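**Student:** This is a predicted model, with the sequence first.
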Amino acid sequence: MVVSMMQFVIELPEITSIKEKRRIVKSLKDKLQHKYKLSISEVDLHDSLSFSMIGAAVVSNSKQFGESVLQKAIRFVDLESTGRLHDYSIHTEFF
């Protein structure tokens, strides 16, 4: 079993309330989960208005497949989301 994981920080510069931030983050998580079949969660920066750290994972039988799915998801976040992608990392574990 191969678990590929990613973590990324997205900046949401024009957010004025935590409620608005959570709505945008939830929408992004739902889109990524539906489109790429990821397990996904906001993992840090919960109280920040301007930033959100999101973690996601996919289980597969191939490192190449898992990492390619995560690369596509990162491209989606970079091109389609209302925020700006600041930093991301992808890591794979074998079990």
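**Tutor:** Okay, I see it.

**Student:** Nearest the middle, which residue of this protein would you pick?
**Tutor:** The chain has Ile54 as the residue nearest its centroid, 4.6 Å off, counting by CA atoms, centre = their mean.

**Student:** Please identify which helix or strand holds Arg22.
**Tutor:** For Arg22, the host element (DSSP states H and E) is helix 18-36.

**Student:** Can you spell out which helices and strands pack onto that helix?
**Tutor:** On a contact count with 3 or more CB pairs under 8 Å, 6 or more residues apart in numbering; DSSP states H and E, helix 18-36 meets strand 39-44, strand 51-60, helix 63-80. All C-beta atoms are positioned from the backbone trio N, CA, C, and that covers glycine.

**Student:** Just the residues contacting the first one, thanks.
**Tutor:** Spelled out, it's strand 39-44. Residues outside strand 39-44 that contact it (CB atoms under 8 Å, 6 or more residues apart in numbering) are 7, 25, 29, 32-33, 52-58.

**Student:** Could you rerun that using 10 Å?
**Tutor:** By CB atoms under 10 Å, 6 or more residues apart in numbering, the residues outside strand 39-44 that reach it are 3, 5-10, 21-22, 25-26, 28-33, 51-59, 73.

**Student:** Would you list the buried entries among those residues?
**Tutor:** Buried members of the contacts of strand 39-44, scored by 16 or more other CB atoms under 10 Å, are 3, 5-10, 21, 25, 28-29, 31-32, 51-54, 56-58, 73.

**Student:** I figured Val77 hits Leu38, correct?
**Tutor:** No. Using CB atoms under 10 Å, Val77 is not in contact with Leu38; the gap is 11.2 Å.

**Student:** okay, and the common contacts of these two?
**Tutor:** 6, 32, 54, 56.

**Student:** so how far is Val25 from the third one?
**Tutor:** The gap separating Ile54 from Val25 is 7 Å, by CB to CB, to the nearest Å.

**Student:** Repeat that for the second one.
**Tutor:** Using CB to CB, one obtains 11 Å as the distance from Leu32 to Val25.

**Student:** if we can go back for a sec, ok, now which ones touch the residue nearest to the centre of the chain?
**Tutor:** Neighbours of Ile54 in contact, by CB under 10 Å, 6+ apart: 6-10, 25, 28-29, 32, 38, 40-45, 77, 88.
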